[in-house]
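Colleague: Structure, please.
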Amino acid sequence: MTKAISIQSAAVGRVSIIIKALNEEKRIARAIESSLRALERVGGEVILADSCSTDQTINIAKRYPITIVQLANSAERCCGIGPQLGYQHSSAEYVYILDGDMELRPHFIDQAVQFLDAHPAAAGVGGQVIEHNLDSLEYKARVERNAHHMNAGQVDRLDMGGLYRRSAIEQIGYFSDRNLHSYEELDLAVRLRARGWRLHRINFPAVDHHGHDAAPYRLLYRRWETKYIYGIGEIVRAGIGKPHFSLLIKQLHEFKLYFLSIIWVIAFLIISIFCGFFLKNGLAVGGGVFIFCLLFVLMTFLIRKKTFDKAIYAFVSLFMHCAALIAGIFVGRQDPGKKIDSNVMSNY
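Modeller: Residues are numbered from 1 along each chain as shown. The predicted model follows:
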């Protein structure tokens with residue numbers, strides 16, 4: 001262990017770094033050590049919010065002077081619950097959220113604190129994300145979707161982590177929606193922006209993101225299995241009737257794609273059924289119409305993506321996300337402001 005493990009011994013400083021983790025035994029030490037080093041100048045606390053890891057994550061984390069809290073109920077695991085769990089146990093003026101497969105770059109926290117001190121209208125600030133898993137189709141698709149969110153300047157959300165002002169979070173009621181299996185950063189962003197707060201990204205390296213190595217289709221299946229891709233429907237349901245709903249729909253570009261795709265498929269399905277009942281050789285004609293619908297979508301992806309493997313992946317991903325949109329809207333919800341049941345494994 002580095003000398004950084006001795007940093008968190010004084011009273012809480014200005015920054016709480018929340019590391020959310022699930023089975024990160026290979027990377028958690030680097031995430032913790034980089035967080036402790038990041039607090040050397042500004043002071044603060046590191047809180048590991050663990051979602052019931054079954055590997056050595058907790059045992060490794062106990063070597064460091066940090067607070068460790070763990071979900072009491074593993075059935076509640078989702079991306080949104082980790083940040084809120086850590087926030088419950090934090091106390092500093094500013095709060096940073098870090099994934100367990102990331103490492104904080106030296107001096108970013110210093111730069112971020114200086115930025116928020118100088119810009120009182122800013123609720124949060126992020127930096128540049130250094131990706132290390134550059135070859136996966138999932139990474140390439142994420143870059144295509146989110147490139148504009150990652151540029152320096154005023155942004156509409158802080159994907160991949162950011163430093164937030166506690167007073168802004170208190171104004172909107174809670175940090176992260178405990179019900180969301182994904183899209184928790186966007187949900188936080190639109191709630192803040194609907195209250196007049198701003199978000200910024202500075203041109204300074206913030207984190208190294210190592211990600212998880214997995215074949216693209218295996219990863220897609222795992223995200224369905226864990227309900228990660230239900231997030232698109234969950235965030236829409238969460239926003240219905242809320243002041244930020246119109247802003248959410250405006251920013252949720254993929255929702256429009258999935259919604260229109262669902263309408264497209266339903267329309268062709270209705271035409272196919274009509275052909276099957278009312279035309280001679282109707283079943284063949286109806287089936288042909290529906291196959292044409294699917295081939296049209298596939299060819300559109302092929303033109304846009306330029307390679308067959310990317311087109312097939314986008315095609316499969318599209319229809320899985322369309323199904324997840326529908327499923328996510330009907331997932332049950334708890335009060336996002338309700339205290340999360342947890343166990344304190346280590347307290348500093």
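
Colleague: Do you have the strands of the stretch 51-200 of the chain handy? List them.
Modeller: For the stretch 51-200 of the chain, the strands defined by DSSP state E, counting those that start in this stretch cover 67-71, 94-99, 102-104, 122-131, 153-155, 163-165, 198-209.

Colleague: ok, the fifth one: who's next to it in the sheet?
Modeller: Sheet neighbours of strand 153-155, with direction, are listed as strand 198-209 (antiparallel) (DSSP bridges).

Colleague: Would you mind listing the buried residues in the strand it pairs with?
Modeller: By 16 or more other CB atoms under 10 Å, the buried positions in strand 198-209 come out as 198, 199, 200, 201, 202, 204, 205, 206, 207, 208, 209. Where you see a C-beta, it was placed from the backbone N, CA and C, and this is true even at glycine.

Colleague: want to throw the residues you listed into CSV with distance to residue 162 and pLDDT?
Modeller: Formatted as CSV, the buried residues of strand 198-209 follow (distance: CB to CB, whole Å; pLDDT from 0 to 100):
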residue, distance to residue 162, pLDDT
198, 12, 98
199, 7, 98
200, 9, 98
201, 8, 97
202, 10, 97
204, 12, 96
205, 14, 96
206, 8, 96
207, 10, 95
208, 16, 91
209, 13, 89
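
Colleague: list the buried ones in stretch 331-340?
Modeller: Those buried within stretch 331-340 under the rule 16+ other CB under 10 Å are 331, 336, 340.

Colleague: Where does confidence bottom out across those?
Modeller: Lowest pLDDT of the buried residues of stretch 331-340: residue 331, 92.

Colleague: Might you report the residue contacts of it?
Modeller: 179, 227, 230, 233, 234, 237 (CB atoms under 8 Å, 6 or more residues apart in numbering).

Colleague: Please flag which of those sit within helices.
Modeller: Among the contacts of residue 331, the residues falling in helices (DSSP state H) are 233, 234, 237.

Colleague: what number of residues lie near the first one?
Modeller: Number of residues near residue 233 (other CB atoms under 10 Å) recorded here: 25.

Colleague: what's near enough to touch the closest residue to it other than its chain neighbours?
Modeller: Leaving out its chain neighbours, the residue that sits closest to residue 233 by CB to CB, 6 or more residues apart in numbering is residue 328, at 2.2 Å. Applying CB under 8 Å, 6+ apart to residue 328 gives the contacts 181, 227, 229, 230, 231, 232, 233, 234, 235, 236, 237.

Colleague: Could you rerun that using 6 Å?
Modeller: Residues in contact with residue 328, defined by CB atoms under 6 Å, 6 or more residues apart in numbering, are 230, 232, 233, 234.

Colleague: what does residue 272 give?
Modeller: So residue 272 contacts 286, 289, 290 (CB under 6 Å, 6+ apart).

Colleague: redo that, cut-off 7 Å
Modeller: Contact partners of residue 272, counting by CB atoms under 7 Å, 6 or more residues apart in numbering, are 286, 287, 289, 290.

Colleague: Which of the three states applies to it?
Modeller: Of the three states, residue 272 takes helix under DSSP: H, G, I helix; E, B strand; the rest coil.

Colleague: Could you report the separation of the residue nearest to it when sequence neighbours are not counted from residue 319?
Modeller: Closest residue to residue 272 apart from its sequence neighbours, by CB to CB, 6+ apart: residue 286 at 3.7 Å. From residue 286 across to residue 319, the span is 19 Å (CB to CB, to the nearest Å).

Colleague: Next: residue 332.
Modeller: Distance from residue 332 to residue 319, counting by CB to CB: 24 Å.

Colleague: Could you do residue 84 as well?
Modeller: 31 Å.

Colleague: Where does the prediction get shaky in the stretch 201-348 of the chain?
Modeller: The stretch 201-348 of the chain contains residues with pLDDT under 70 at 212-213, 282.

Colleague: where along it do the strands fall?
Modeller: So, for the stretch 201-348 of the chain - with DSSP E, counting those that start in this stretch - the strands run 342-346.

Colleague: ranges for the helices of it?
Modeller: Taking DSSP state H, counting those that start in this stretch as the test, the helices found in the stretch 201-348 of the chain are 216-225, 231-239, 245-251, 253-278, 282-305, 308-329.

Colleague: Next: the stretch 1-150 of the chain.
Modeller: Going by DSSP H, counting those that start in this stretch, the stretch 1-150 of the chain shows helices at 28-38, 57-61, 81-88, 108-118, 137-146.

Colleague: With mean neighbour count, mean pLDDT and distance to residue 303 as extra columns, can I get those in JSON lines?
Modeller: Supplementary listing: the helices of the stretch 1-150 of the chain in JSON lines, determined by neighbours: other CB atoms under 10 Å; pLDDT from 0 to 100; distance: least, CB to CB, whole Å:
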{"stretch": "helix 28-38", "mean neighbour count": "24", "mean pLDDT": "97", "distance to residue 303": "41"}
{"stretch": "helix 57-61", "mean neighbour count": "20", "mean pLDDT": "97", "distance to residue 303": "44"}
{"stretch": "helix 81-88", "mean neighbour count": "25", "mean pLDDT": "97", "distance to residue 303": "39"}
{"stretch": "helix 108-118", "mean neighbour count": "18", "mean pLDDT": "98", "distance to residue 303": "40"}
{"stretch": "helix 137-146", "mean neighbour count": "15", "mean pLDDT": "57", "distance to residue 303": "15"}
